[in-house]
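**Student:** got a predicted structure plus its sequence, pasted below:
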Amino acid sequence: MKKIDARGLACPGPVLQTKAALDTENCAQICVQIDNEASRQNVQRFLESQGFAVTTRQDGSDINVIGSRDTVATALEAAPASDTATHKIAVMCATDRMGSGDDDLGAKLMINFIRTLKEIGPDLWRLILVNNGVKLAIEGAPVLDDLKALEADGVTILVCGTCLDHFNLLDKKQVGQTTNMLDVVTSLQLADKTIHV
Amino acid sequence: MLVGLKKADDAGVYKINDDLALIQTVDFFTPIVDDPFQFGQIAAANALSDVYAMGGIPKTAMNLVGFPLKRMDLSILRQILEGGIAKLKEADVALIGGHSVEDTELKYGLSVTGFVHPDHVLTKGRLIAGDYLILTKPLGSGIINTAIKGGLAGGPIIAQITELMARLNKQAAAIMAAYPVHACTDVTGFGLLGHMAEMIIGSGQGAQLWMDDIPIIDEAIAYAKMGLIPAGAYHNKQFRQAMVSCAESIDPVLVDVLFDPQTSGGLLIAVDQQQARALLSDLRQNQVADAAIIGRVTPEFPEKIKIVNRSDT
């Protein structure tokens, strides 16, 4: 049985420690040692949300929260997502030109690519623009209307704030939400499929 | 002095003459979001809220800053102060000074001064039997901040909760001024039930809350079920548990959400029952879209809070 000593930690410390342990090792039995009632309730709730049957045992001033589950394959992906689409595709554009070779051709291809993205349909979840890609979202960009149409259709467009700032384009952005690397990484993590251009 | 230290309230009130009373309050805390500008906005919205909760209008403010100069770049402080100023502007409040000290950890907040007519001061404790209770922002910011700290919350919910915490109670306060409101407070560190308890203590009244009508951010319930409830919620619960009872049909985790400490939460308003619907629709149509009637004041069980499902009543 996996054992975790989370005594002396305030909430949500014991839950995070338990989660970290389950993330690295998909165990069937786990015992979390804690020393306060708040932690007992939280750890019990967490383990139950991960498919464990939970019992607790008082041991002096310590409490052992013991969880067991039948199948180790129980999904750990219990973090609630605010997006409930069954299939989420994230498209990450790090350029305003498609491919290498001829830059003029690359620019045309990129316009065509953005225009055609809508064909993905409702699975298209997020469009992430970084580096030169942010230039697709600024005033005068040829695909501005297409991006606005995608946004109106419910596609979230994330535009890298650091990149806009780097190119001095912060006040030129016309579409999408200015975003940070945490959002970018989270999007790539939550997406069921990512397409990188 | 109209409101002082005798009974816990949101701010102190001092009568200057028959037409004018001074409201004073101070609030500061350590960062709750990563973005310094947004932290400044939230701290200012939170400090201003106490004046709104007293039925007053904030007029001037002073910054309070603790800053670790050796570890952090001054540009961070500038962004925090700019965030605070942005909210003061939105509230039509003049920044007239401040004080900073070098500190081991970052702290920011404001001392806010406002005015109110001495006859229109809204304290916590003047509930009248039959009053309806209105809450103007959804609950869950403490739990979601806990999930963010634990690395479990994604970008969209972070943005949502940040906007909610930075939202002023100005509009809600301005609207309620036209209605027969008997008592008001803002929901902050003690959670909804903690602040509800403060309102009913000494009033001779009790409160019936309708669980299914209380606005709660969906993700907060999901995170609470995963055990991401901050220690503060349990402290609040331990402190007030004896006053609270709950219908058996209600999931205990929801009661914990009602104890969740809020940062810059909404106003909790007790209003004459006859006017409650009108106030609610006025709020909802004027940018306080999350407002809801969440319960009623009753003499049936003095100084107790009973939580039921409205569908069961």
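**Tutor:** Good, I have the coordinates.

**Student:** next one, pLDDT for the residue of chain A positioned farthest from its centre please.
**Tutor:** Distance from the C-alpha centroid of chain A, by C-alpha atoms, centre = their mean, peaks at residue A:60 (41.1 Å). Predicted confidence (pLDDT) at residue A:60: the value is 86.

**Student:** that one and residue A:35: what is the separation?
**Tutor:** From residue A:60 over to residue A:35 the distance is 9 Å, taken as C-beta to C-beta, to the nearest Å. C-beta coordinates here come from the backbone N, C-alpha and C atoms, glycine included.

**Student:** also residue B:41?
**Tutor:** Per C-beta to C-beta, residue B:41 is found 38 Å from residue A:35.

**Student:** same question for residue A:55.
**Tutor:** Taking C-beta to C-beta as the measure, residue A:55 falls 17 Å from residue A:35.

**Student:** who has more neighbours, those two?
**Tutor:** residue A:35 (17 against 11; other C-beta atoms under 10 Å in any protein chain shown).

**Student:** so how far is residue A:47 from that one?
**Tutor:** Separation of residue A:35 from residue A:47 (C-beta to C-beta): 17 Å.

**Student:** equivalent analysis for residue B:12, please.
**Tutor:** Taken as C-beta to C-beta, the span from residue B:12 to residue A:47 is 47 Å.

**Student:** same drill for the two, tell me which one is more crowded.
**Tutor:** Under the criterion of other C-beta under 10 Å, the comparison of residue B:12 against residue A:47 puts residue A:47 first, with 25 against 17.

**Student:** that one sits in which helix or strand?
**Tutor:** Under the criterion of DSSP states H and E, residue A:47 resides in helix A:37-49.

**Student:** from the chain's centroid, how far away is that helix?
**Tutor:** Counting by C-alpha atoms, centre = their mean, to the nearest Å, helix A:37-49 is centred 24 Å from the centre of its parent chain.

**Student:** and it with chain B, contact?
**Tutor:** Yes. Shown here: helix A:37-49 in contact with chain B (C-beta under 8 Å from any C-beta of the partner chain) through A:37, A:38, A:41, A:42, A:43, A:44, A:45, A:46, A:47, A:49.

**Student:** ranking those by neighbours, who comes first?
**Tutor:** For the residues of helix A:37-49 next to chain B, the largest number of neighbours (other C-beta under 10 Å) sits with residue A:42, at 31 neighbours.

**Student:** that one and residue B:227 touch, don't they?
**Tutor:** Yes. Using C-beta atoms under 8 Å, residue A:42 is in contact with residue B:227, at 3.6 Å.

**Student:** anything in contact with each of those two?
**Tutor:** Shared contacts of residue A:42 and residue B:227 (C-beta atoms under 8 Å, 6 or more residues apart in numbering or on different chains): A:12, A:15.

**Student:** helix or strand: which one has residue A:186?
**Tutor:** Using DSSP H and E, the element containing residue A:186 is helix A:181-190.

**Student:** and for residue A:130, the neighbour number?
**Tutor:** 18.

**Student:** for it, give me its contacts.
**Tutor:** A:92, A:93, A:94, A:160, A:163, A:184.

**Student:** at 6 Å instead, please
**Tutor:** Contacts for residue A:130 were tallied using C-beta atoms under 6 Å, 6 or more residues apart in numbering or on different chains; they are A:94, A:160, A:163.

**Student:** excluding chain neighbours, what is closest to it?
**Tutor:** With sequence-adjacent residues excluded and distances taken as C-beta to C-beta, 6 or more residues apart in numbering or on different chains, residue A:130 is closest to residue A:160, at 4.3 Å.

**Student:** next: residue B:37.
**Tutor:** Spatial nearest neighbour of residue B:37, chain neighbours left out: residue B:83 (4.0 Å); criterion: C-beta to C-beta, 6+ apart.

**Student:** wait, isn't that neighbour in contact with residue B:44?
**Tutor:** No. Residue B:83 lies out of contact with residue B:44 (C-beta atoms under 6 Å); the separation is 7.1 Å.

**Student:** those two: which is more packed in?
**Tutor:** More crowded of residue B:83 and residue B:44, by other C-beta under 10 Å: residue B:44, with 33 against 23.

**Student:** and the more buried one, that's in a strand?
**Tutor:** No. Read with DSSP: H, G, I helix; E, B strand; the rest coil, residue B:44 is helix and lies in no strand.

**Student:** spit out the contact partners of the nearest residue to it once chain neighbours are set aside.
**Tutor:** Spatially, and ignoring its direct neighbours in sequence, residue B:44 is nearest to residue B:87 (3.7 Å; C-beta to C-beta, 6+ apart). Residue B:87 makes contact with B:41, B:44, B:45 under the criterion C-beta under 6 Å, 6+ apart.

**Student:** which residues touch the second one?
**Tutor:** Translated: residue B:44. B:84, B:87, B:88, B:110.

**Student:** any part of stretch A:164-176 near chain B?
**Tutor:** No. Applying C-beta under 6 Å from any C-beta of the partner chain, one finds stretch A:164-176 out of contact with chain B, separated by at least 12.8 Å.

**Student:** which of the three states applies to the residue nearest to residue B:37?
**Tutor:** Judged by three-state DSSP, the three-state class of residue B:83 is helix.

**Student:** roughly how far apart are it and chain A?
**Tutor:** 16 Å (C-beta to the nearest C-beta, to the nearest Å).
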